[in-house]
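Colleague: Generate a structure from the sequence data that follows.
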Amino acid sequence: MARSSFWLLLLLVVCGLVAFGEQGKGRPPTIAAGDTLVSHPLEPPLENRNKKIDLDQVKRESDELKKLADALPDEIQQVSASQMPENLPENSRHISKFARHLRGEISQWAAQF
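Modeller: Numbers count the residues shown, from 1 in each chain. Next up is the predicted model:
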């Protein structure tokens with residue numbers, strides 16, 4: 001009985017050493033997965049490529065962007081005269097939002113060609 005316990009213990013130790021030794025071989029899984037991801041070109045999702053652009057909305061947003069941008073120099077002039085226009089932060093957020101959306105629409109439109 002003692003002899004069979006010895007062989008069983010020895011077998012477990014050897015199996016453990018073999019399993020532990022194989023873990024150190026090769027590259028970590030995260031690096032191997034990263035290599036496969038890098039080799040694939042990035043493409044925009046299919047639904048974005050086929051999305052139709054609402055030209056009326058783009059026109060309205062570009063007109064609004066122009067109106068806000070034209071008012072900006074006067075508002076900045078007031079700031080330099082130590083006056084803070086009450087709608088300057090809101091207008092600058094709108095300018096940023098419209099510009100971001102229009103840039104996305106234009107990029108999407110250009111990608112179709």
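Colleague: Residue ranges of each domain in this structure, please.
Modeller: For the chain, the structural domains run 2-38, 46-111, going by automatic domain parsing.
Colleague: By mean pLDDT, show me the worst of those.
Modeller: Lowest mean pLDDT of those: domain 2-38, a mean of 63.
Colleague: residues contacting S82?
Modeller: Going by Cβ atoms under 8 Å, 6 or more residues apart in numbering, S82 touches no other residue. For every residue, glycine as well, the C-beta is placed using N, CA and C.
Colleague: Over to it. Which of the three states is it?
Modeller: Secondary structure, DSSP: H, G, I helix; E, B strand; the rest coil: S82 is coil.
Colleague: now do the one 3 residues further on
Modeller: Secondary structure assignment for P85 (three-state DSSP): coil.
Colleague: My guess is it contacts V79. True?
Modeller: Yes - under the criterion of Cβ atoms under 8 Å, P85 makes contact with V79 at 7.3 Å.
Colleague: The two: which has the busier surroundings?
Modeller: The neighbour comparison of P85 against V79 (other Cβ atoms under 10 Å) goes to P85, with 16 against 11.
Colleague: Got the phi and psi for that one?
Modeller: With angles defined as degrees, to the nearest 10, P85 shows backbone torsions of phi -60, psi 140.
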